[in-house]
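K.L.:
Fold the stuff below for me.
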Amino acid sequence: MSATSPTSPTPYSPGNTDLVLLIGRIALVLLFPISGYFKIMQWPGIVTLLTTQGAPLPMLGGMLAVAAETILPLLIILGLQTRWAAFGLILYTLGTNAIAHRFWEFTGGAQVGQIFSFFKNIAMCGGFLILAWTGPGRYAVQPRP
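P.N.:
Sure thing, here's the model as predicted:
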């Protein structure tokens, strides 16, 4: 049987696609719970940082950040309300850019770091958009039919 036979598995077979979507979902959101954990562990400092960055309602903003960084990634990993969770993380990530990664306000090395953070967030939004479009795949609590 040749490698191009219709019965031989290919990298693009549905089973492989579903496994790739599962691994991709996990990899895409892995940073968020880690960040949420550090926000909890360094709580007073996070509220102070949000205050200095000019975030509206920094205490509430900090609580929303922790909720977004823990609940939405968990939903995506489980494949539960994946599309809504992906859209939620797009909004959260864009909001993070607007508040915390205004690279145009920095100079030198600090500006370079903010540029990378800003565009990393834009790239992650692209991943969330793809996930919202494709759905979670078969390995999910709510698999896409």
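
K.L.:
need the contact list for the residue nearest to the spatial centre of the chain.
P.N.:
In the chain, the residue lying closest to the centroid (Cα atoms, centre = their mean) is residue 29, at 4.3 Å. Residues in contact with residue 29 (Cβ atoms under 8 Å, 6 or more residues apart in numbering) are 72, 73, 76, 77, 89. For every residue, glycine as well, the C-beta is placed using N, CA and C.

K.L.:
change it to 6 Å
P.N.:
Neighbour list for residue 29: 73, 76 [criterion: Cβ atoms under 6 Å, 6 or more residues apart in numbering].

K.L.:
can you list contacts of stretch 62-70?
P.N.:
With contacts defined as Cβ under 6 Å, 6+ apart, stretch 62-70 is touched by 32, 33, 35, 36, 39, 40, 46, 47, 50, 92.

K.L.:
Go again with 8 Å.
P.N.:
32-33, 35-36, 39-40, 43, 46-47, 50, 88-89, 92, 96.

K.L.:
same check, this time on stretch 81-96
P.N.:
Against stretch 81-96 from outside (Cβ under 8 Å, 6+ apart): 25, 29, 32, 65, 68-69, 72-73, 75-76, 121, 124-125, 128-129, 131-132, 135-136, 140, 142.

K.L.:
Just the buried residues of it, please?
P.N.:
The neighbour-count check on stretch 81-96 (16 or more other Cβ atoms under 10 Å) flags 81-83, 85-90, 92-93, 95-96 as buried.

K.L.:
again, but for stretch 59-79
P.N.:
Within stretch 59-79, the residues that count as buried by 16+ other Cβ under 10 Å are 61-62, 65-66, 68-70, 72-73, 75-79.

K.L.:
So what's the gap between that stretch and the chain middle?
P.N.:
Chain-centre distance of stretch 59-79: 10 Å, with Cα atoms, centre = their mean, to the nearest Å.

K.L.:
which residues in the protein form helices?
P.N.:
14-29, 31-41, 43-52, 58-78, 82-100, 108-134 (DSSP state H).

K.L.:
Roughly how far does residue 137 sit from residue 94?
P.N.:
Residue 137 sits 25 Å away from residue 94, going by Cβ to Cβ, to the nearest Å.
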